[in-house]
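K.L.:
kindly generate the corresponding structure for this input.
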Amino acid sequence: MYKPKPTAGDTSWFVHDRFGMFIHWGLYAIPARHEWVQSNEEIHPDEYRKYFEHFNPVDYDPQEWAAAACDAGMKYAVLTSKHHEGFCLWDSAYTDYKVTNTPYGKDLLHDYVEAFRAEGLRVGFYYSLIDWHHPQFPIDGIHPLRNHPDALEMNKSRDITKYAEYLHNQVRELLTDFGKIDILWCDFSYPERVYKGMPGKGHEDWQSEKLVQMIRELQPHIILDDRLDLPSEMADIHTPEQWQPTEWVKIDGEPVVWEACQTFSGSWGYHRDEQTWKSPGQLIRMLVNTVARGGNLLMNVGPTSRGIFDERALDALDVYADWMSLHSEAIYGCTQSEYKEPQDCRLTQKGNKVYVHVFAWPFKHLYLEGLGDKVAFARFLHDGSEIALQHRDWTSRHLTTAENTLVLELPVIEPDVEVPVIELELKA
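P.N.:
Down below sits the predicted model:
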């Protein structure tokens with residue numbers, strides 16, 4: 001098992017809790033066709049403003065959100081305080097482009113923080129470094145105005161240093177006006193950025209070093225992600241997006257604290273017509289695979305413009321609720337096992353407990369190399385029933401097993417749970 005280097009922020013709780021909720025919410029919930037709709041469809045800010053003028057999430061109940069996260073076994077949440085469109089979910093003193101100026105008229109973030117804390121969940125904010133609304137943010141290759149005939153001329157009057165001042169002021173608000181914040185996602189800086197008529201400077205544009213210094217001074221415990229285009233050691237967590245690592249994530253050959261972020265469907269924001277929703281098996285296997293590789297999983301929900309989780313999202317959360325109610329001990333406090341995985345299985349481990357997550361049900365026997373004389377007891381987690389053990393250095397015409405192999409005698413019929421888990425209690 002790997003042990004990453006200590007982090008500046010407090011990741012001790014993070015590597016125990018393992019499972020969190022990402023929430024992408026903004027004006028893009030009204031067009032309901034991807035959170036990048038303004039960029040993808042090159043919608044002019046004047047036209048996009050109609051969503052600002054109609055934003056009114058009358059059914060927003062953060063207590064319901066928090067309860068759904070808690071029931072699903074999630075232990076923390078990260079909400080988009082501002083996404084790339086530039087719209088702010090709180091009453092920021094530095095912009096008029098905020099929820100308090102919409103028909104809804106009320107701050108959304110304070111209620112979110114209070115509701116999730118009340119459920120015992122840790123709270124985090126996502127803050128977009130890029131901003132398609134701010135008049136000082138330069139037009140680059142993903143900006144909605146990138147193909148506007150006057151883009152080059154418009155950029156001549158835009159000053160990234162003035163935008164950076166705005167960015168820093170808003171991050172300061174988020175870290176001083178809402179109490180203790182456990183996680184801050186800053187997304188995203190890329191060094192190859194090219195503005196119309198001039199090159200970008202990556203982290204220099206955001207004054208990232210100064211920003212990190214301010215963040216650490218305001219909330220020294222906070223967990224900071226790796227998307228500020230800074231040296232890897234300045235981040236607490238590393239964040240593979242929309243893919244599943246096949247091994248513990250390493251930077252320059254060194255294992256790091258990491259978190260995979262994934263969606264229930266193909267979009268982060270609410271997408272009414274999205275069809276690529278993941279199956280129950282995929283949802284559970286992603287969580288298991290992540291923890292078995294030493295990481296955390298941050299699963300995303302995109303609320304509707306009325307402020308609710310739609311039925312498809314609730315169904316996905318129910319999948320986790322059902323499975324975690326019986327198997328959470330194989331996730332919380334667990335990490336990659338020191339033992340070799342059997343075919344079509346993943347192993348997680350916590351102290352003297354090894355958990356075998358069976359992705360494909362074998363016929364009658366399951367073989368675990370190196371564990372032949374080390375297991376005192378085996379049982380299913382879903383019902384607590386015993387599994388018979390055999391220690392065999394077994395060679396025959398039909399089967400050869402490696403030395404010191406544990407053989408588990410399984411029922412022929414797979415248990416009726418999405419991913420069965422076998423707990424192995426190691427001998428003292």
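K.L.:
kindly confirm whether my reading is correct that residue 163 touches residue 139.
P.N.:
No: the pair residue 163 / residue 139 is not scored as a contact, 12.0 Å apart, by C-beta atoms under 8 Å. All C-beta spots, glycine's among them, are computed from the backbone N, C-alpha and C.
K.L.:
distance-wise, check residue 146 relative to residue 50.
P.N.:
21 Å (C-beta to C-beta, to the nearest Å).
K.L.:
for the closest residue to residue 361 other than its chain neighbours, which residues are in contact?
P.N.:
Nearest residue to residue 361, sequence neighbours excluded (C-beta to C-beta, 6 or more residues apart in numbering): residue 414, at 3.9 Å. Going by C-beta atoms under 8 Å, 6 or more residues apart in numbering, residue 414 touches 358, 361, 420.
K.L.:
closest one of those residues to residue 118?
P.N.:
residue 420 (34.4 Å; C-beta to C-beta).
K.L.:
quick check, central residue of the chain?
P.N.:
Computing the C-alpha centroid of the chain and ranking residues by C-alpha atoms, centre = their mean puts residue 298 first, at 2.3 Å.
K.L.:
what secondary structure does residue 212 sit in?
P.N.:
Secondary structure, DSSP: H, G, I helix; E, B strand; the rest coil: residue 212 is helix.
K.L.:
any low-confidence regions in the stretch 301-428 of the chain?
P.N.:
Counting by pLDDT under 70, the stretch 301-428 of the chain has low-confidence residues at 391-402.
K.L.:
could you pull out the strands in it for me?
P.N.:
335-336, 345-350, 353-358, 365-369, 375-380, 388-392, 405-409, 421-426 (DSSP state E, counting those that start in this stretch).
K.L.:
among those strands, which is nearest residue 218?
P.N.:
Among these, strand 335-336 sits nearest to residue 218 (C-beta to C-beta), with 30.4 Å.
K.L.:
check which helices and strands that closest one is in contact with.
P.N.:
helix 280-292, strand 345-350 (3 or more C-beta pairs under 8 Å, 6 or more residues apart in numbering; DSSP states H and E).
K.L.:
any chance of TSV for these, columns distance to residue 369 and mean neighbour count?
P.N.:
Output for the helices and strands packed on strand 335-336, formatted as TSV (distance: least, C-beta to C-beta, whole Å; neighbours: other C-beta atoms under 10 Å):
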stretch	distance to residue 369	mean neighbour count
helix 280-292	16	21
strand 345-350	11	22
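K.L.:
in stretch 49-61, what's buried?
P.N.:
51, 52, 55, 56, 57, 60 (16 or more other C-beta atoms under 10 Å).
K.L.:
ok, now stretch 355-365?
P.N.:
So, applying 16+ other C-beta under 10 Å, buried residues of stretch 355-365: 355, 356, 357, 358, 359, 362.
K.L.:
who touches whatever helix or strand residue 66 lives in?
P.N.:
If you go by DSSP states H and E, residue 66 is part of helix 62-71. The contact list for helix 62-71, computed with C-beta under 8 Å, 6+ apart, reads 21, 23, 77, 111-112, 114-116, 118-121, 301, 303, 308-309, 314, 317, 321.
K.L.:
returning to that earlier point: with distance to residue 13 added, can I get the strands of the stretch 301-428 of the chain in CSV?
P.N.:
Shown next, in CSV, are the strands of the stretch 301-428 of the chain (distance: least, C-beta to C-beta, whole Å):
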stretch, distance to residue 13
strand 335-336, 14
strand 345-350, 15
strand 353-358, 20
strand 365-369, 31
strand 375-380, 28
strand 388-392, 35
strand 405-409, 33
strand 421-426, 23
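K.L.:
any idea which of the ones you listed gets closest to residue 327?
P.N.:
Of all the strands of the stretch 301-428 of the chain, strand 421-426 comes closest under C-beta to C-beta, at 5.0 Å.
K.L.:
and the angle for that closest one with strand 405-409?
P.N.:
130 degrees (axes from the mean of the first three to the mean of the last three C-alpha atoms, to 10 degrees).
K.L.:
strands paired with strand 421-426, and their directions?
P.N.:
When sheet partners are counted by DSSP bridges, strand 421-426 sits next to strand 353-358 (antiparallel), strand 375-380 (antiparallel).
K.L.:
check contacts around the closest residue to residue 320 other than its chain neighbours.
P.N.:
Leaving out its chain neighbours, the residue that sits closest to residue 320 by C-beta to C-beta, 6+ apart is residue 72, at 4.0 Å. Taking C-beta under 8 Å, 6+ apart, we find residue 72 in contact with 19, 21, 317, 318, 320, 321, 324.
K.L.:
next one, pLDDT for residue 72 please.
P.N.:
The model reports residue 72 with a pLDDT of 98.
K.L.:
so how far is residue 170 from the nearest residue to residue 45 once chain neighbours are set aside?
P.N.:
Residue nearest to residue 45 in three dimensions, not counting chain neighbours: residue 133, with 6.0 Å by C-beta to C-beta, 6+ apart. From residue 133 across to residue 170, the span is 13 Å (C-beta to C-beta).
K.L.:
just to revisit the earlier point, just put the helices and strands packed on strand 335-336 in TSV and tack on distance to residue 272.
P.N.:
Shown next, in TSV, are the helices and strands packed on strand 335-336 (distance: least, C-beta to C-beta, whole Å):
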stretch	distance to residue 272
helix 280-292	21
strand 345-350	34
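K.L.:
mark which of the contacts of helix 62-71 are buried, thanks.
P.N.:
21, 23, 77, 112, 115-116, 119, 121, 301, 303, 308-309, 317, 321.
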